[in-house]
Structures are given as structure tokens and as C-alpha cells.
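S.K.: Sequence isn't available, so here's the structure alone:
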């Protein structure tokens with residue numbers, strides 16, 4: 001088996017293409033990275049860490065007044081779960097997704113996209 005360790009730029013370039021009405025599972029993100037680099041898998045640990053870096057950078061750009069940033073909030077975990085490690089936590093991600101028309105519910109301390 002071969003494993004690719006992606007860079008934040010690689011992740012950013014994929015996440016930047018996710019349109020308003022779509023969501024990207026982290027599993028699909030890793031699969032896409034692996035295919036792009038002709039590897040069997042993309043490292044789950046570094047993909048997660050660098051995805052958070054991409055999210056924080058985009059969040060800082062929004063705070064600085066930039067209009068169009070990489071839509072990190074459209075990346076969700078398997079089973080539709082939101083990411084606590086994203087800027088503002090899962091609640092902030094839920095709010096951004098709801099603004100785009102996605103139905104999000106909270107179960108206990110977990111947030112989840114419906115369907």
C-alpha cells in the first residue's frame with residue numbers, strides 16, 4: 001500500500017471546489033487526494049490536521065473582510081457529523097450550513113446534517 005501525506009494547499013484546492021448546495025465527506029476528501037497522487041490512501045491524521053489549518057486560514061480571511069473564502073464548513077465527517085475542531089466548533093459550522101439551506105440537528109453534544 002502507498003500513502004500520500006497531503007499538504008494544506010492540496011486540501012484547500014479540493015475544498016475550494018465544493019459548491020454551495022453540496023457537502024464533502026472527509027472520507028471522500030481523502031479518497032480524492034489518494035487518487036490525485038496515485039496512492040492507495042491519504043493519511044487520515046495529516047488530512048485532518050491540515051483541513052483544520054485550511055479552515056482556520058479561511059476563517060481569518062472572513063474576519064479580515066474577504067468575501068469569498070474556501071468553504072471549509074461544507075466538509076463533514078462520515079455519517080453527517082460536524083467537526084468540533086473547526087473554528088467556532090460544530091455549532092459555528094452548523095450555523096454556516098443552515099445559512100446555505102442545509103438541515104442540521106443537535107443530538108446531545110453532537111451536531112449532524114440531516115440526509
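M.R.: Ah, there it is. Everything quoted here is computed from the prediction, not taken from an experiment.

S.K.: Only C-alpha atoms from now on, for both contacts and neighbour counts.
M.R.: Fine.

S.K.: Give me the most central residue, this protein.
M.R.: Compute the mean C-alpha point of the chain, and by CA atoms, centre = their mean the closest residue is residue 75, 2.8 Å away.

S.K.: Tell me which stretches of the chain form helices.
M.R.: In the chain, the helices defined using DSSP state H lie at 8-15, 26-36, 44-63, 89-99.

S.K.: that older thread, partners of the residue nearest to the centre of the chain in the sheet?
M.R.: Partner residues in beta bridges with residue 75: residue 24, with DSSP bridges as the criterion.

S.K.: Correct me if wrong: it contacts residue 28.
M.R.: No - applying CA atoms under 8 Å, one finds residue 75 not in contact with residue 28, separated by 9.6 Å.

S.K.: hang on, the earlier thing: columns distance to residue 70 on top of the helices of the chain, output as CSV?
M.R.: Formatted as CSV, the entries for those read as follows, by distance: least, CA to CA, whole Å:
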stretch, distance to residue 70
helix 8-15, 6
helix 26-36, 14
helix 44-63, 6
helix 89-99, 13
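
S.K.: hmm, back to that, model confidence at the residue nearest to the centre of the chain, what's the number?
M.R.: For residue 75, the pLDDT comes out at 98.

S.K.: go on, the one 4 residues further on?
M.R.: The pLDDT attached to residue 79 in the predicted structure is 91.
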